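Visitor: A predicted structure for the sequence below; I have some questions about it.
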Amino acid sequence: MVEYFTNKDRVNIWSFSHFNFKHIIGLFVEFVNGKFCKDPTTVTANDFFFSGLNIPGNTAANKLGSSVNLVNIDKLPGLNTLGISLARLDFAPYGLNPPHTYLRGTELLTNVVAFAGLSSQNPGLITIANAVFGSNPPITADILAKAFQLDKNVVDYLQKQF
């Protein structure tokens, strides 16, 4: 079997290799989206089942007052190559989910309970405040002050929080 890869995040119709795995295993192991293609003879119903989105998260464990239960290919292997994942978000009163962006995903939030349908089976996450004010090596305070039009003392204070 010959495959040509032009996009490492390509989406396949199904996530388990469609060839005779035993004949190829000695030659190479196929990775799709950074995960092994599973031998189709070992696929079980558990590869397509996840339990727990009905259970509220522990918002007290996070100083921001929120909890995120992300269901991606690490928790639900059958999602591999489908281009989706799901998350449950719970908030304490006045809790928040920090500003962030996904490397390979989009989310939509509604009132009361937030379920995020992400357009990737492994979306990746970058929290903006950590990336900007807590970067390592740090971004120079003068640059941040100019970019965000803040006093340098405010930037120094923010950088100390991370």
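Guide: Yes, it's here.

Visitor: Now stretch 104-121: average pLDDT?
Guide: For stretch 104-121, mean pLDDT rounds to 69.

Visitor: How about the contacts made by residue 161?
Guide: Taking C-beta atoms under 8 Å, 6 or more residues apart in numbering as the criterion, residue 161 is in contact with 133-134. (C-beta placed from N, C-alpha, C; glycine too.)

Visitor: Quickly find the element holding residue 154.
Guide: Under the criterion of DSSP states H and E, residue 154 resides in helix 152-160.

Visitor: Could you list the residues in contact with that helix?
Guide: For helix 152-160, using C-beta under 8 Å, 6+ apart, the contacting residues are 129, 133-134, 138, 141-142, 144-145, 148.

Visitor: Okay, buried residues for it please.
Guide: Residues of helix 152-160 classed as buried by neighbour count (16 or more other C-beta atoms under 10 Å): 155, 158-159.

Visitor: Out of these, flag the one nearest to residue 51.
Guide: For the buried residues of helix 152-160, the closest approach to residue 51 (C-beta to C-beta) belongs to residue 158, at 39.7 Å.

Visitor: For residue 141, which non-adjacent residue is closest in space?
Guide: Counting by C-beta to C-beta, 6 or more residues apart in numbering, the nearest residue to residue 141 once its immediate chain neighbours are dropped is residue 155, at 4.6 Å.

Visitor: quick one, strands of this structure?
Guide: Here the chain has its strands, by DSSP state E, at 31-32, 35-36, 66-71, 85-91, 100-101, 114-118, 126-127.
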